[in-house]
Structure formats: C-alpha cells, structure tokens
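1. need coordinates for the below:
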Amino acid sequence: MTIDGADAAPQGEQDVVNACDEGMIARSPDAGLHHVDDAVAAARTAYSGWARTPWQERRALLEAFANRLSAAHIPLSLLVAAESGRTLRRAASEIFFSVHYFRTLAAQTLAPVRYGVAGEQAQLVHKPLSVVGAIAPWNSPVILAVARIVNALPAGDTMILRPSPFTPLSAPVLGMIGREVFPCGVFNVVTAGADVGAAMTTHAGIAKISFTGSIATEKLIAAAAAPTLKRLTLELDGNDAAIVLPDADIDLFCDTLYRTSFENGGQFCACIKRLYVHESVMDDAATNGGTILGGGQRLNRGLFIPPTLFTGLGHGVPLVRRGAVRPLAAPDPVP
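-> Predicted coordinates:
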C-alpha cells in the first residue's frame, strides 16, 4: 500500500483467487482502520501545497503519470487479467484506454466562466474540495480508478483510493507509479474490505466520496456521509434495455446485441440486460413465469456462468427490475 509516498505495512493479508481456476495467485495487503487515519492525515497535509501548485505544473505531473502507466501496460495487463478473470486482450485494452483517458482529461482546463443575465454579472470559479475518498469497483479496476484520479488531482484535490477487495492487485501498482510522480501524500492507496470503506465514508477529514456499486450499498454510503456533509458521486447499477422494432435488421441487431451484452463477460455498466422484442418478430411474447433458453449453470471450472437467456418474464420479477438474481450474480462491490 502507499501512504504519504511510502510503503505502508499491512495489518494483515488476504488471498487473491484466480477466477479461471480458483487457485490462489497472490496475497494482498489488508489495511486496518488506523491506515485510514494515516492516509487522511497525509492527504490533508499534502493538500495545501498541491492546491497551490500552478495548473501547468500539475498537468505536467499528470502527463508523467500517464507515461509511466503506458510503460507498465504489459505487467498491468497480466495482473488485471489474473485478478479479474477476463481475457488478456480485454485487460490490455483497458490499460490503453486508461492511458488515453488520463491524457485527455489532464489536457483540459478549468478556466473561470463568466455569465451575464439581466444586467447582472456572475463568474463560475472551480476550486478544490480537499481530500477525496475513491472506492473503485472490480469489473474494470484500472479505468474506474483512473477516472477518479484524473478528475480529482487536476482540480487540486488529494486522494485516497481503495480498490475492490475482489481485485486488489492493480491499485497498489498505481500507487507505486504515483510515488514516482506526485508529492508525498497527494495520492494514497489502501487495500481492504468493507470496514475500511465504511471508515472512509464517515471520516471527517474526507470531503468527498466517489463510489460505483449496488443501490443498497450506495444508500448506506449516502446515510453515512450525511453527518459530515460530504459531497458524493455515486454510480448506481443499471438495468439497460434494448428494443427491437418490427423493421429491425435482425442480423445486425444480433451481432450488436451480443457485443453490447457480453463484452467483459457482461460486467460493465452499459451492457444490455433486458430485451423487448416486438411481437411481430418474436413468437413467444412475455406472459408470466420464465424459461431459460440457454446457459444458467455455473461451469465446472472457474467462477464463470455462460451467457444465459431468459424469456417469458413478467415485469415484477427481480431479474427484470434489477438485472440480476442473487444465485446468478457476482458479489456486490461493497465499500
């Protein structure tokens, strides 16, 4: 782990399992509650200097981070593939996209914006908050960490990143890259479970929490953050639908549907989870109950369920309302 620009000795360790064969591939550091206090103290100390750093200097450091991230794409791709169970091609594409995303946002400016309405003048000025706590999910562990880093740090905020306990290996690498670039305390990384995530949401020294995960968990975060009036960015789980109209090109649609439903094993925010087909191009219109047309059983090896298609489900069924039912769903990324 990285706290204040240096190694932070863990309180314990946790096993990291390879989703492909369920064998242990590593042991990751496990933080305790005192690590949250230490990381907050480091981030708050670093904040005043980082917020005063001229924009061009911050941008140069961010570009240096992107360059080092690009240089580490091979080991990071292998690490993400191992910890998340995805293909190496998909893992590599995530690293390259992360580098591009980082450079794109780092190139933006935060210039004041002037407004004139009915003879009155106003100016929008961007100011940092101070310390941001980022709790990243497991489905795309690098890009969804990078998205938080490159939004907070250019604005002058400092950060504490806690990755999902299901994918805890890539974030410490980001922390080590950050040590080479940023002043001590600007970017801190702790790896742990729900207790540390909960401590971040209630800590008075953290001004904002950014989290991606289930609606139930985000309700808990919102309630926990209320006493300290934290700013919140919460990305809730979705239940995206596709609609097939009578004049649809079925061949084109099927190809598009497959890619947008099962890319990354179906584990991304915008994948298609529901399909509404016009009755003129679909014989068994939805009634009650449900039928599995294919898949539905866990494979004999690894933590995988094959693509599964249900038909005939009514609107009140949890699979339609939320896009998941507990026996088939992967564990939620809890804080």
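
2. list the buried ones in the helix or strand residue 47 falls within?
-> Using DSSP states H and E, residue 47 falls within helix 33-52. Under the neighbour-count criterion of 16 or more other Cβ atoms under 10 Å, helix 33-52 has 35-36, 38-44, 46-47, 50-51 buried. Every residue, glycine included, has its C-beta placed from N, CA and C.

3. name the SS class of the residue most central in space within the chain, please.
-> In the chain, the C-alpha nearest the mean C-alpha coordinate belongs to residue 144, at 3.5 Å (Cα atoms, centre = their mean). Classification of residue 144 using DSSP: H, G, I helix; E, B strand; the rest coil returns helix.

4. pull the contacting residues for it.
-> 136, 137, 212 (Cβ atoms under 8 Å, 6 or more residues apart in numbering).

5. which stretches of the protein have low pLDDT?
-> 282-283, 285-294, 322-335 (pLDDT under 70).

6. at which residues are the helices of it located?
-> Remark: helices assigned in the chain by DSSP state H are 33-52, 55-71, 73-84, 88-106, 143-152, 170-181, 194-202, 215-225, 250-262, 318-322.

7. turn the ones you listed into JSON lines, including distance to residue 237.
-> Converted to JSON lines, the helices of the chain look like this (distance: least, Cβ to Cβ, whole Å):
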{"stretch": "helix 33-52", "distance to residue 237": "26"}
{"stretch": "helix 55-71", "distance to residue 237": "27"}
{"stretch": "helix 73-84", "distance to residue 237": "17"}
{"stretch": "helix 88-106", "distance to residue 237": "19"}
{"stretch": "helix 143-152", "distance to residue 237": "13"}
{"stretch": "helix 170-181", "distance to residue 237": "21"}
{"stretch": "helix 194-202", "distance to residue 237": "17"}
{"stretch": "helix 215-225", "distance to residue 237": "6"}
{"stretch": "helix 250-262", "distance to residue 237": "15"}
{"stretch": "helix 318-322", "distance to residue 237": "7"}
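
8. which one of these is the most hemmed in?
-> The highest mean neighbour count among these, using mean count of other Cβ atoms under 10 Å, belongs to helix 143-152: a mean of 22.

9. now it and helix 55-71, what's the angle there?
-> Relative orientation of helix 143-152 versus helix 55-71 (axes from the mean of the first three to the mean of the last three Cα atoms, to 10 degrees): 170 degrees.

10. specify the angle between helix 143-152 and helix 88-106 in degrees.
-> Using the same axes, to 10 degrees: helix 143-152 against helix 88-106 is 10 degrees.

11. who's in contact with residue 141?
-> Counted by Cβ under 8 Å, 6+ apart, residue 141 has contacts 80, 83, 84, 163, 164, 167, 170, 171.

12. any chance of those in CSV, plus distance to residue 104?
-> Formatted as CSV, the contacts of residue 141 follow (distance: Cβ to Cβ, whole Å):
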residue, distance to residue 104
80, 21
83, 26
84, 24
163, 23
164, 25
167, 24
170, 21
171, 21
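
13. list the contacts for residue 36?
-> 160, 190, 196, 199, 200, 203.

14. one more: residue 265?
-> 85, 86, 304.
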